[in-house]
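*Asks:* no sequence on hand, only this structure:
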């Protein structure tokens, strides 16, 4: 047994074929006319803003552009997804917040990074300066001869 759905009822397009006794050679749904006329006016306005004059060929190209744009829009519209749903979906897509791809700053900025002309030495190669607790002037600050790890045993016993 085969059960038929009611989808065929909804697949019937509300089509306007034109005035009585002078029908158009094409089929266009009511929603296509509802979309196509404003699109045609917008395309004509864009042509004028672009600097194209009003003439036969500019109007013909506007008509062709209108047909293409209207077909693209009406391809997304059906009985399951009406025009109002498509318009509200487009509005939500355009107004939704986006992820920020650029950083807003952090703990370190380039203005606070010190740049030196010479490369710093490792800790074990630096010359340490220290003060003695006796004497005056230049005697207070002396340079340590060798790093502590490389001193000989005799220097350690002497207290250097």
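*Replies:* Yep, that arrived. Everything numeric in this text was worked out from a predicted model, so none of it was measured.
*Asks:* hang on, residue 59 packs against residue 44?
*Replies:* Yes. Between residue 59 and residue 44 there is a contact under CB atoms under 8 Å: 7.5 Å. Bear in mind the C-beta positions are built from the backbone N, C-alpha and C, glycine included.
*Asks:* and these two? which has more neighbours close in?
*Replies:* More neighbours surround residue 44 than the other of residue 59 and residue 44, with 18 against 15 (other CB atoms under 10 Å).
*Asks:* isn't that one right next to residue 60, touching?
*Replies:* No. Contact criterion CB under 8 Å: residue 44 and residue 60 do not qualify, at 11.6 Å.
*Asks:* so for stretch 18-26, first residue to last residue, what's the gap.
*Replies:* Stretch 18-26 has an end-to-end distance of 9 Å (CA to CA, to the nearest Å).
*Asks:* report the buried residues of stretch 58-68.
*Replies:* Of all the residues in stretch 58-68, those buried under the rule 16 or more other CB atoms under 10 Å are 58, 62, 65, 66, 67.
*Asks:* now the helices for the protein?
*Replies:* Secondary structure of the chain (DSSP state H): helices at 7-11, 30-50, 56-74, 83-95, 153-158.
*Asks:* of these, which is nearest residue 121?
*Replies:* Across those, residue 121 has its closest neighbour in helix 153-158 (21.5 Å, CB to CB).
*Asks:* pLDDT of the closest one, averaged?
*Replies:* Computed over helix 153-158, the mean pLDDT rounds to 56.
*Asks:* what are the buried residues along stretch 44-54?
*Replies:* Quick answer for stretch 44-54 (16+ other CB under 10 Å): 44, 47.
*Asks:* related to what we said a few turns ago, among the helices of the chain, which comes closest to residue 115?
*Replies:* Nearest to residue 115 among the helices of the chain is helix 153-158; the distance by CB to CB comes to 37.6 Å.
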